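>>> okay, predicted coordinates and the sequence, questions at the end:
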Amino acid sequence: MNQVEYLYTHYREPVPAWFLEINKKSWIPWKEFFDSRTVFYPGSKFDPYTVNAFTRSHSAHCFVNVDYEVAKADLEDELKKPMFPGYNIIYERDISESFFLSKFKQPYSYVVDFRLASAEKRGSFMYVDYYRDEFDTIKHYVKFLVFERELDLDDSFGAVRFALLYIGGEAFSVFNALYANKNANLFAMLIDDYGYGGQYARYGKDQLLHKIALRRNVFPELILTERCTGERMWDGFYEVDVPWSPSDAKLGRVLRTLYKKEE
């Protein structure tokens, strides 16, 4: 049994009914999207791993990808390739950051606490100022897309439709707004600790993302990872014994290990 077969066997779900009703004139179904199983991928760039793993196993249909290093123009170019072979875009909307944030209640942000504590530890607020300046140069954007499977393909290829919310912004703030503040249903996530070369804080055990999850008691059912294994994996998760399969190598740029939350 490979990774896709495991997800199909244990987590298969029907395509949410609201997916089949979407057309080019539809309003964005925010409530339906965030009430559905969502898969969160911080620092995703254009890696298709989560979409491939969960659509081919029919175990999730809603995806939230976040990366502050991807410019909107680069995303537009990637979508033309196409981004997910076998699927075509049937619905696309650009949303302003202010409108997007207005959809959610944000009573508390642990991200701010972390930055201030880090600055105090260094005896200076230069740390906060430096990263604040870095984030101020980011042109935030939000894009909502629905993809539909090509007509000559069937369920053995993947789900008939899936939705992707791609956010050009900071992953920690997005996690805080959507999941820590209980605005969305977190089913699974992919976390890779690339280190300070690509992010100002890490995703593994006792790092910022984990601290936000602990503070708000918000955890996914499943975690996929390559670089947060062993001692860096979040407490309360165990590795699923799924043998490596050559077909898994087609899911994305590297093969990830699957972890499940202890009951």
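Perfect, I can see it now. From a predicted model like this one, the values you see are computed outputs, not experimental measurements.

>>> what are the ranges of the strands in this structure?
For the chain, the strands defined by DSSP state E occupy 38-42, 62-66, 87-95, 141-149, 161-168, 186-190, 222-225, 237-239, 257-261.

>>> mean neighbour count, mean pLDDT and distance to Lys205 added to the ones you listed, as TSV?
The C-beta positions use only the backbone N, C-alpha and C, and glycine is treated the same way. As requested, the strands of the chain are exported to TSV (neighbours: other C-beta atoms under 10 Å; pLDDT from 0 to 100; distance: least, C-beta to C-beta, whole Å):
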stretch	mean neighbour count	mean pLDDT	distance to Lys205
strand 38-42	24	96	15
strand 62-66	25	96	20
strand 87-95	15	94	33
strand 141-149	20	94	30
strand 161-168	23	95	25
strand 186-190	23	97	14
strand 222-225	23	94	11
strand 237-239	15	93	10
strand 257-261	18	94	12
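
>>> what's the closest of those strands to Met1?
Proximity to Met1 (C-beta to C-beta) singles out strand 257-261 among the strands of the chain, at 11.4 Å.

>>> which neighbours does that closest one have in its sheet, and in what orientation?
Here strand 257-261 is paired, per DSSP bridges, with strand 222-225 (antiparallel), strand 237-239 (antiparallel).

>>> using TSV, please lay out the strands of the chain together with distance to Leu209.
Compiled in TSV, these are given as follows (distance: least, C-beta to C-beta, whole Å):
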stretch	distance to Leu209
strand 38-42	7
strand 62-66	11
strand 87-95	24
strand 141-149	20
strand 161-168	15
strand 186-190	9
strand 222-225	11
strand 237-239	13
strand 257-261	14
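
>>> and these: which comes nearest Thr9?
Once the strands of the chain are compared by C-beta to C-beta, strand 257-261 is nearest, at 12.6 Å.
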